[in-house]
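K.L.:
return a 3D structure for these sequence lines:
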Amino acid sequence: VTGSSGKTTTKEMIATVAGLSGTILKSRGNFNNLVGLPLSLLELNSEHEMAVVEMGTNQRGEIARLTAVANPDIGVITNIGPAHLEGFGSLDGIMAEKGDLFSTMRDSGVAIINRDDRFSRVLADRWAGRNITFGIDENAFVRAERIFMRGDHGMSFTLTMGGTGKGVDMTVVGKHNIYNALACAAGCLAMGIEYDLICEGLSAFRQVQGRMDVHRLKMGGTIIDDSYNANPSSTMEALKTLSDLKGKNESMVIFGDMLELGDDAERLHEEIGGAMADTGVGNIFLKGDFSRSVARGAIQEGFDEDNIYFVDAPEDMMAELHSLLREGDWVLIKGSRNMKMETFLKAILEEFGQVME
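P.N.:
Here you go, the predicted structure:
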C-alpha cells in the first residue's frame, strides 16, 4: 500500500478485514522504508497466509526498490497529492514515484486504483494487467453510495461491488476515510475475501491513534487528534471534517508545520491558513517556522489576527485555552510527524481531563 495519504489507515483496515479469514502479517506502525519494510517481511513464517505492508518514500526510486523487495501480488495506491514535494519537485514527480509500484509489480498482479484521483487515472491507463477500481464520484467497481455522516460517532454507507450493495457502519470520521475503506475493500476483493467478511471487517475497524482520533473532554469539548502527520491534502481533509463535525459550535486548530514541501512550502502554508479562515475556525494556535505564512494566509481571507497565537510548546497556550475553550467546542490538532503535535494532545487531556468510554 502506498499513496500520499491514508497509507497506514488503509493498511490497518486491510489487516482487520483479512484477519477475519486467515492469518495475516502486517508491517508495524510506519515501518515503510528501505529498512522497515524488509524487517517486517523477515517476520513472515509458514503460518502466515497473507501479508500487508506499507511503502513510503521521500526521494526518487524508493518505491521501485521497495516493490522489488516485497514482490507484491496486489498493489494499492490510495491517492497522489502534494506530499514530500521537496524530494520530487512536482505532482508529476510524485505520480511517477508512486506509479513505480505498478510498473515494478509483476504483470500478473492486481492494481487497485482510485478512480476519483486524476493522477491515479493516468497510472491506470499505463497499467496493462488486471485492476480493480474504487471511488465515490466516478464509475468505479467498488463504490460508496448513500453516505450518511453520524457526527463524531462515525459514518454509514452502502458498499457496492459490481452492482451488489450492503450497508456498512464505521466508527471512523471524515470523508477521506471512506476512500481508505474503499481501497481496503478493493484490495481484499482482489485477495478473494468474501463480500460479507469485507463489510464485517470494515465495521469492526477502530481508528489508528493520531489519525482523526476523537477524544471527549470532561468540560464538554471535543478533540480531533490528527497529529500523526500532515501534508496539504490531508490537512484540507481534516479541516473539512472539523467543519462538518462542529456544526454550529465553535472550533479551533492547533497546527504545526507541514514538512518536506520544498520551494512550495510558504505558498502551501498560506493556502492552509486561508482554508482555516474559509472553514470558519475561530482561533488558531501555530507552531513552527512557517507559522507566519499560515497566519498571513488566514488574515488575507479576513481572519482576525487577534485570534492567532504563536506557540512553541503546550504550556504556551494553556492560559488562552482556559479562557477560550467552552462546552461544545471542537479542537483539531494537526502537524507533521517531527513537529511532535501529540505532546499538545497529551497536555490538553491532562489539563482538562478525558471522558473514558
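K.L.:
all helices of the stretch 201-350 of the chain, in order?
P.N.:
232-246, 265-278, 291-300, 318-324, 342-352 (DSSP state H, counting those that start in this stretch).
K.L.:
list the buried residues in the fourth one.
P.N.:
Along helix 318-324, these residues count as buried under the neighbour rule (16 or more other Cβ atoms under 10 Å): 321, 324. The way it works is simple: take the backbone N, C-alpha and C, and place the C-beta from them, glycine included.
K.L.:
from the contact counts, what lies against that helix?
P.N.:
Helix 318-324 is packed against strand 283-287, helix 342-352, with contacts defined by 3 or more Cβ pairs under 8 Å, 6 or more residues apart in numbering; DSSP states H and E.
K.L.:
tell me which of those sits most buried.
P.N.:
Across the helices and strands packed on helix 318-324, averaging neighbours per residue (mean count of other Cβ atoms under 10 Å) puts strand 283-287 on top, at a mean of 24.
K.L.:
return the distance of that one from the chain's centre.
P.N.:
Centroid separation for strand 283-287 versus its chain: 21 Å, with Cα atoms, centre = their mean, to the nearest Å.
K.L.:
nearest to residue 183, of the helices and strands packed on helix 318-324?
P.N.:
Closest approach to residue 183 among these (Cβ to Cβ): helix 342-352, 25.5 Å.
K.L.:
tilt between that closest one and strand 283-287?
P.N.:
Calculated by axes from the mean of the first three to the mean of the last three Cα atoms, to 10 degrees, helix 342-352 forms an angle of 130 degrees with strand 283-287.
K.L.:
buried set for stretch 11-22?
P.N.:
Neighbour-count burial for stretch 11-22 flags 11-21 (criterion: 16+ other Cβ under 10 Å).
K.L.:
and the closest residue to residue 328 other than its chain neighbours, what's its pLDDT?
P.N.:
Excluding the flanking residues, the one nearest residue 328 by Cβ to Cβ, 6 or more residues apart in numbering is residue 249, at 4.3 Å. Listed pLDDT for residue 249 reads 95.
K.L.:
make sure residue 146 is indeed in a strand.
P.N.:
Yes. Using DSSP: H, G, I helix; E, B strand; the rest coil, the assignment for residue 146 is a strand.
K.L.:
surely it and residue 160 touch.
P.N.:
No. At 9.2 Å, residue 146 does not count as touching residue 160 under the criterion of Cβ atoms under 8 Å.
K.L.:
and these two? Which one has more around it.
P.N.:
Higher neighbour count among residue 146 and residue 160: residue 160, with 18 against 10, using other Cβ atoms under 10 Å.
K.L.:
determine how far the last residue of stretch 103-111 lies from the first.
P.N.:
10 Å (Cα to Cα, to the nearest Å).
K.L.:
list the buried residues of it.
P.N.:
104-105, 109-111.
K.L.:
can you list the strands that the helix or strand hosting residue 75 pairs with?
P.N.:
Using DSSP states H and E, the element containing residue 75 is strand 74-76. Here strand 74-76 has these sheet partners by DSSP bridges: strand 110-114 (parallel).
K.L.:
need the contact partners of the strand it pairs with.
P.N.:
73-79, 102, 105, 120-121, 123-124, 127, 129-135, 179, 183, 186-187, 190 (Cβ atoms under 8 Å, 6 or more residues apart in numbering).
K.L.:
wait, what's in contact with the closest residue to residue 311 other than its chain neighbours?
P.N.:
With Cβ to Cβ, 6+ apart as the criterion, residue 311 has its nearest non-adjacent residue at 4.9 Å, and that residue is residue 317. Residues near residue 317 by Cβ under 8 Å, 6+ apart: 254, 285, 309, 311, 344.
K.L.:
okay then, goodbye and thanks.
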